[in-house]
Structure formats: C-alpha cells, structure tokens
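Visitor: Quick one, fold the following:
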Amino acid sequence: MKREIKFRILAKTDNGIELIYLDKPSFYDNLIGLETSEHVSEYPTKELMQYAGFKDKKGNEVYEGDVLKYTYKDKRVRDVVCCFDKGSFIFRVKESNVVLTFFDAEKIEVIGNLYSNIT
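Guide: Purely as a prediction, here's the structure:
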C-alpha cells in the first residue's frame, strides 16, 4: 500500500497551542523544522502526529491522535482513537482497551483529537 507520508504537530506558537500541518519536516533534538506553504520556522514540539493514509466520510484526513465517531452496523455509535502501535495504525474504543480490527471508512467521522476540544 502506497500512501503519502505527512505529519502535523501540536506546537506552542505566539498564538498559543495550535495544530500545524507539515509539508516537508526536518527532525532534530526536540524541535521540528518545518516548511509549510507560507513559511519555514522552528517550533518546540508538544506532540507529533502522522497521517494514517485515509479520509473520513466527509473527506477529512485522519491523523494519529484523532478522535473519530464510528457507527457500527447495529447503529451503536462509539468514539474511537487513531493510534500508531507496533508499526501500524489501530483504532481503540476511547477509554477502553478494545481495538477495532476492521472498519468501514464511510462510517467514521473525525470529531476532534486527543489534544483539543472535541466538536
């Protein structure tokens, strides 16, 4: 499976804590040098999140740390978290150790992330 390798960071900026999407990251020490479409800067990193390689039902990219609303076949709705574990992306039911082994991307929706308020 070929996919884009992309990242975003939770960074401390002059405007407070914000998510910044990376076009071309360079990693060193605890800083990430990044090139966005507007500028090149260095930010102290709070959290690094990798793109999982797929989009939700609304076309939003899914990143590590995203909280997703997942609707099961029987119409039960659960919040799941996208995690990178042992070399692959997994989806844990929030606040439990249950891991989804299969899901339908048409039934998931990004509703926030672990580091910001859930919408």
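Visitor: My reading is that residue 112 lies in a strand. Confirm?
Guide: Yes - the assignment for residue 112 by DSSP: H, G, I helix; E, B strand; the rest coil puts it in a strand.
Visitor: On the three-state scheme, the residue with the largest distance to the centre of the chain is what?
Guide: For the chain, the C-alpha farthest from the mean C-alpha position belongs to residue 74; by C-alpha atoms, centre = their mean, that distance is 26.5 Å. Residue 74 falls in the coil class when you classify it by three-state DSSP.
Visitor: Give me the phi and psi angles of it.
Guide: Listed backbone geometry of residue 74 is phi -90, psi 20, with angles given as degrees, to the nearest 10.
Visitor: repeat for residue 107
Guide: Dihedral pair for residue 107: phi -110, psi 10, per degrees, to the nearest 10.
Visitor: now it, nearest residue through space, not along the chain?
Guide: If you skip the residues right next to it in sequence, residue 107 has residue 71 as its closest partner in space, 4.8 Å away by C-beta to C-beta, 6 or more residues apart in numbering. C-beta here means a position set from N, CA and C on the backbone, and glycine is covered the same way.
Visitor: And for the one you found, the neighbour number?
Guide: The tally of other residues near residue 71 (other C-beta atoms under 10 Å) stands at 15.
Visitor: Give the full set of residues in contact with the residue farthest from the centre of the chain.
Guide: Going by C-beta atoms under 8 Å, 6 or more residues apart in numbering, residue 74 touches no other residue.
Visitor: Would you mind measuring from it to residue 107?
Guide: When distance is defined by C-beta to C-beta, to the nearest Å, residue 74 is 12 Å away from residue 107.
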